[in-house]
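Chemist: How does the following fold in three dimensions:
(chains A, B, C and D)
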Amino acid sequence: MLIRVTEAPISADEAAQAVASPAAGAINVFLGVVRNTNLGRAVSHLVYDAYPSMAEKEMRAIAEEAKARFGLEDCAILHRTGRLEIGETSLVVAVSCGHRRESYEAGLWVVNEVKKRVPVWKKEVWEDGEEWIEGPESLGMQQAPASMQR
Amino acid sequence: MLIRVTEAPISADEAAQAVASPAAGAINVFLGVVRNTNLGRAVSHLVYDAYPSMAEKEMRAIAEEAKARFGLEDCAILHRTGRLEIGETSLVVAVSCGHRRESYEAGLWVVNEVKKRVPVWKKEVWEDGEEWIEGPESLGMQQAPASMQR
Amino acid sequence: MEVMGTVTVLLFASLAERAGTRRLELPLEDGATVGRVRDRVVAQFPQLAPAVPTLMYALDEEYAREDAPVRPGSTLALIPPVSGG
Amino acid sequence: MEVMGTVTVLLFASLAERAGTRRLELPLEDGATVGRVRDRVVAQFPQLAPAVPTLMYALDEEYAREDAPVRPGSTLALIPPVSGG
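Modeler: Numbering: from 1, shown residues only, chains lettered A, B, ... in the order given. Have a look, this model is predicted:
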């Protein structure tokens, strides 16, 4: 189970190879990539901040939950931090399993969970300003599940 | 639009890079991989045959249709032929678009279409025999859509 | 029957193995259709007969029906149920 | 109020920028909870007050509620709405 928060570039191949298994017929890899616009505004670049140790802990919990829930062979989650230019990859999620449909369902589930509960933040930088995004997808904007409270 | 039927290895990174676009926030890559079992039987390796020129034509048609249907930035489809060992990648489908949900929906749609109508065939080789698979997913086992007949 | 050029027939996968060839050149008769050319192939390779009910056809790289006319110089592919991916 | 060791407070993203620091060490009082430590941080950095309604909290790398007790040596992270991916 490859889990990593890193300032170094991350790639589809590394994640795909990490989840490879003789019993896996399907590998689904998602790349979150820096777009040149958001909500109609031109983006210059992004800066990602993270709480790395907790982010990796949450990513590992998500990967374990996905394996159990979808019967995956394996799951990898990589998140990059620091300054990212347009076209660079910020997130890689790879899942492997027997058949293709579950690979898509599981992959999307993992990406959604990452966006909800992994402590990573992005700052959008435009030509004329910048702002930390406090995402509507965050659990901070939703009801936190009981399992995440103590 | 990267479309290729080839005997050479194919990779997630090549397909992901081929569909990259400044307007793409999401890239989804699917890898079809040779499993060590099928329907409970141990597989030694696979041999893929293809009608390469027509296969590439069908793959291009599927990619164009996917771009229009899902508003994709780009789509790549790579299929390998010849002998493939367990763990080797037979199919790579990559799609790029604005947001993640469409990337998953579009990717699965493309993979399903490839399996239905691209003229490629696999032979399963077991320790004690071999058989060309004539797949239940093939259009030959279904009603062919009017658009595919003349 | 007047001979009007030739048609190239392509065989793949199990068909190619059973016939022992991947490619035939057949003389093309007046009024030839996909189905009639297919019948000529099966007459030459009776071991392909069991596969006929499962076949689809491609004329010059497009899926075609059995009653589609075959023109001289065309390529007809006999397409078993596909199993790529 | 008896002082009972310290708590490490971590700030990220907009909070770190507004406070001008990513890390504080605060003396820990008897009966300290996540909410009380947070209030001490806001007293020191009033510019963080507007963010408080959106915050979540992590104690020693696990999400925690405001009424969770804070033990000496703990690390409390103030977590703005996440926006990774």
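Chemist: Grab the CA positions of the helix or strand that contains A:Asn112 and hand them over as CSV.
Modeler: In the assignment (DSSP states H and E), A:Asn112 maps to helix A:100-117. Extracted C-alpha coordinates of helix A:100-117, given in CSV (Å, rounded to 0.1, in the frame of the first residue of the first chain):
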residue,chain,number,x,y,z
ARG,A,100,-13.1,-3.0,-14.3
ARG,A,101,-16.4,-1.8,-12.9
GLU,A,102,-15.2,-2.0,-9.2
SER,A,103,-12.0,-0.3,-10.2
TYR,A,104,-13.9,2.7,-11.3
GLU,A,105,-16.3,2.7,-8.4
ALA,A,106,-13.5,2.3,-5.8
GLY,A,107,-11.2,4.8,-7.4
LEU,A,108,-13.9,7.5,-7.4
TRP,A,109,-14.8,6.7,-3.8
VAL,A,110,-11.2,7.1,-2.7
VAL,A,111,-10.7,10.4,-4.5
ASN,A,112,-13.9,11.7,-2.9
GLU,A,113,-12.7,10.7,0.5
VAL,A,114,-9.3,12.2,0.0
LYS,A,115,-11.0,15.5,-0.9
LYS,A,116,-13.2,15.3,2.1
ARG,A,117,-10.9,14.4,4.9
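Chemist: That helix vs chain D: in contact?
Modeler: Yes. Interface with chain D: helix A:100-117 contributes A:111, A:114-117 (Cβ under 8 Å from any Cβ of the partner chain). For every residue, glycine as well, the C-beta is placed using N, CA and C.
Chemist: Pipe the residues you listed into a markdown table and attach pLDDT and distance to chain C per row.
Modeler: Converted to a markdown table, those look like this (pLDDT from 0 to 100; distance: Cβ to the nearest Cβ, whole Å):
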| residue | pLDDT | distance to chain C |
| --- | --- | --- |
| A:Val111 | 98 | 23 |
| A:Val114 | 98 | 28 |
| A:Lys115 | 96 | 30 |
| A:Lys116 | 95 | 32 |
| A:Arg117 | 95 | 34 |
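Chemist: List the buried residues in the lengthiest helix in chain C.
Modeler: The longest helix of chain C (DSSP state H) is helix C:34-44. For helix C:34-44, a neighbour-count test (16 or more other Cβ atoms under 10 Å in any protein chain shown) marks C:34, C:37-38, C:40-42 as buried.
Chemist: Between these, which sits nearest chain B?
Modeler: Proximity of the buried residues of helix C:34-44 to chain B, judged by Cβ to the nearest Cβ, is greatest for C:Val34, which lies at 10.1 Å.
Chemist: Run through the residues that contact whatever residue of chain C ends up closest to chain B.
Modeler: Nearest to chain B, among the residues of chain C, is C:Gly84, at 2.9 Å (Cβ to the nearest Cβ). Applying Cβ atoms under 8 Å, 6 or more residues apart in numbering or on different chains to C:Gly84 gives the contacts B:48, B:50, B:55, B:79, B:90-91, B:114-115, B:118-122.
Chemist: what ranges do the helices span in chain A?
Modeler: A:12-19, A:52-70, A:100-117.
Chemist: which residues does C:Val37 contact?
Modeler: C:7, C:9, C:26, C:28, C:70, C:76 are the contacts of C:Val37 under Cβ under 8 Å, 6+ apart.
Chemist: among the residues you listed, which are in strands?
Modeler: Residues of the contacts of C:Val37 located in strands (DSSP state E): C:7, C:9, C:26, C:28, C:76.
Chemist: which of those residues lies closest to D:Asp60?
Modeler: Using Cβ to Cβ, C:Leu76 comes nearest to D:Asp60 of those, at 70.9 Å.
Chemist: For the spatially most central residue of chain A, which residues are in contact?
Modeler: With distances taken as Cα atoms, centre = their mean, the residue of chain A nearest its centroid is A:Leu91 (4.4 Å). By Cβ under 8 Å, 6+ apart, the contact list for A:Leu91 reads A:10, A:30-32, A:77-80, A:111, A:114, D:84-85.
Chemist: Out of those, which end up buried?
Modeler: Neighbour counting with 16+ other Cβ under 10 Å marks A:10, A:30-32, A:77-80, A:111, A:114, D:84-85 as buried within the contacts of A:Leu91.
Chemist: beta partners of A:Leu46?
Modeler: A:Leu84, A:Glu124 (DSSP bridges).
Chemist: That one: what's it in contact with?
Modeler: Taking Cβ under 8 Å, 6+ apart, one finds A:34, A:83-84, A:90, A:122-125 in contact with A:Leu46.
Chemist: Could you do A:Val93 as well?
Modeler: Per Cβ under 8 Å, 6+ apart, neighbours of A:Val93: A:15, A:29-30, A:75-78, A:107, A:110-111, A:114.
Chemist: In TSV, list those residues along with distance to B:Glu102.
Modeler: Below are the contacts of A:Val93 laid out as TSV (distance: Cβ to Cβ, whole Å):
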residue	distance to B:Glu102
A:Ala15	21
A:Val29	16
A:Phe30	12
A:Cys75	22
A:Ala76	23
A:Ile77	21
A:Leu78	22
A:Gly107	14
A:Val110	17
A:Val111	13
A:Val114	18
